[in-house]
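Undergrad: Kindly return the folded structure for what I paste below:
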Amino acid sequence: MRKIAYIEIDTHAEIAQNFMEVMEDSKEFAVDYYLSEKIYKQIRKEKNTIFLSDSSMILDQLKPKKYDLIIIGTVHRYFNTFQVIAQKYHTYIIAHNLNFINTSKMNIMKSICKEDVIFRLKLWWKEGLYYFSKPYHDAKGLLVLDEELASDKYTLLPVFYNRYNEKVIHNKQLHIVIPGSVSQKRRDYEHVFKIIQNITSSSFFTFVFLGKVKGNELMQLQKISTDLPKNIEILYFSERVSQQDFDFWMEKADILWCPIQPQTVFFSQREKYGETKMTGNLGDAIKFGKLAIFPSFYQSKLDFIIPQQDNVIQQFEELKNASFDFQESYRYSIVKEKFEKTVDTLISI
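TA: Below you'll find the model as predicted:
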């Protein structure tokens, strides 16, 4: 049985969780997970081999072990530490922001004074930000989680599978769920608020903003909630949404509404969803087996991703009885087989 190490000491706990689930009970691979305390607290432990770790410990933890493959879940900091791992071991890195990876040192230097100055200076002086691209270049290869981003340079690592496939029993109340932190930077909530305020349909809708809302968006939702017709309801969360609540509302959803922005910014570098960055809403749709409405500019070959029309309220009503067979392509056994073939290939390269 071949040995793999999966390292996540920064962020993206949900990807570590998916990795664990797909690798569970594998007859081909044994995986050790090196997780920060923050990540450890967010995942279901089950029967995995987990070691608490951080940037000061990970090199010593890996030294006595012999792994056939090391996968690093996120390299957005600790660049000096991950560079050593990439140089020394058979390492692949999951890439989340492709423009960031390929930008110049000069652009990164300029970004320090634009936002989060103290944090970025810390990365510069203590965590090797100047050599941010080194781990990516020294790694054996780079992985992506969205098939739209896969290419000769980026290998698809299929970690998303359809876990919930029971049919929703539709009633007169249509549940439209908008998953993700409620921030105008990532999603166009101004557009969403405007549409909700101008609904003329007599159908019953519940709009669930399934992520922590604060600041201006919170004030707008509070204001909108006081002046809605009886057939329209809004639910939102002013605290971090628990995994239990998230799963409950995602299962209850009739349709996902994903009003992502055309672009977002990471380290002051522009990233475009579906081209240089994956949206987490894609994994949400697959996991919970939901049709998802995306802005018309979002290009996707996937049939469960539906371009938003001008009259999106009418579109919701028309789609409430539509379905997509997620099990055909995203059944656990299918994804697990593809996943293990991919990992086998990574080891042999």
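Undergrad: Give me the mean pLDDT for the helix or strand hosting residue 286.
TA: Using DSSP states H and E, residue 286 maps to helix 280-288. The pLDDT scores in helix 280-288 average 95.
Undergrad: where does the stretch 1-150 of the chain dip in pLDDT?
TA: With pLDDT under 70 as the threshold, the stretch 1-150 of the chain has low-confidence stretches at 113.
Undergrad: Could you pull out the strands in it for me?
TA: Counting by DSSP state E, counting those that start in this stretch, the stretch 1-150 of the chain has these strands, from start to end: 2-8, 29-35, 49-52, 69-72, 91-94, 141-144.
Undergrad: Quick check: which of these is buried the most?
TA: Highest mean neighbour count among those (mean count of other CB atoms under 10 Å): strand 69-72, with a mean of 24. C-beta: built from backbone N, CA, C; applies to glycine.
Undergrad: so how far is that strand off the chain centroid?
TA: Distance of strand 69-72 from the chain centroid (CA atoms, centre = their mean, to the nearest Å) equals 19 Å.
Undergrad: Likewise for stretch 175-186?
TA: So, by CA atoms, centre = their mean, the centroid of stretch 175-186 is 13 Å from its chain's centroid.
Undergrad: Next secondary structure after the lengthiest strand in the chain?
TA: As assigned by DSSP state E, the longest strand anywhere in the chain is strand 204-212. Downstream of strand 204-212, the first helix or strand assigned by DSSP H and E is helix 215-225.
Undergrad: The longest strand of the chain to helix 280-288, inter-axis angle?
TA: Relative orientation of strand 204-212 and helix 280-288, computed by axes from the mean of the first three to the mean of the last three CA atoms, to 10 degrees: 120 degrees.
Undergrad: Would you convert the strands of the stretch 1-150 of the chain into TSV that also reports distance to residue 14?
TA: Below are the strands of the stretch 1-150 of the chain laid out as TSV (distance: least, CB to CB, whole Å):
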stretch	distance to residue 14
strand 2-8	10
strand 29-35	13
strand 49-52	16
strand 69-72	15
strand 91-94	12
strand 141-144	16
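Undergrad: Residue 285 is nearest to which of the ones you listed?
TA: Minimum separation from residue 285 across the strands of the stretch 1-150 of the chain (CB to CB) falls at strand 141-144, 17.2 Å.
Undergrad: Parallel or antiparallel, which strands does that closest one pair with?
TA: Looking at strand 141-144 with DSSP bridges, its partner strands are strand 91-94 (parallel), strand 154-156 (parallel).
Undergrad: Save those strands as TSV, and put in distance to residue 285 too.
TA: Output for these, formatted as TSV (distance: least, CB to CB, whole Å):
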stretch	distance to residue 285
strand 91-94	20
strand 154-156	17
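Undergrad: where along the stretch 1-150 of the chain do the helices fall?
TA: All helices of the stretch 1-150 of the chain, identified by DSSP state H, counting those that start in this stretch, fall at 13-23, 37-42, 58-62, 79-88, 98-102, 105-111, 117-126, 134-138.
Undergrad: which ones are touching the residue most central in space within the chain?
TA: Geometric centre of the chain, nearest residue: residue 280, 3.2 Å, by CA atoms, centre = their mean. Contacts for residue 280 (CB atoms under 8 Å, 6 or more residues apart in numbering) come out as 14, 179-180.
Undergrad: Could you identify which of the residues you listed has the most neighbours?
TA: residue 179 (25 neighbours; other CB atoms under 10 Å).
Undergrad: Skipping its backbone neighbours, what lies nearest that residue in space?
TA: Closest residue to residue 179 apart from its sequence neighbours, by CB to CB, 6 or more residues apart in numbering: residue 210 at 4.6 Å.
Undergrad: Number of residues surrounding the one you found?
TA: If we define neighbours as other CB under 10 Å, then residue 210 has 24 of them.
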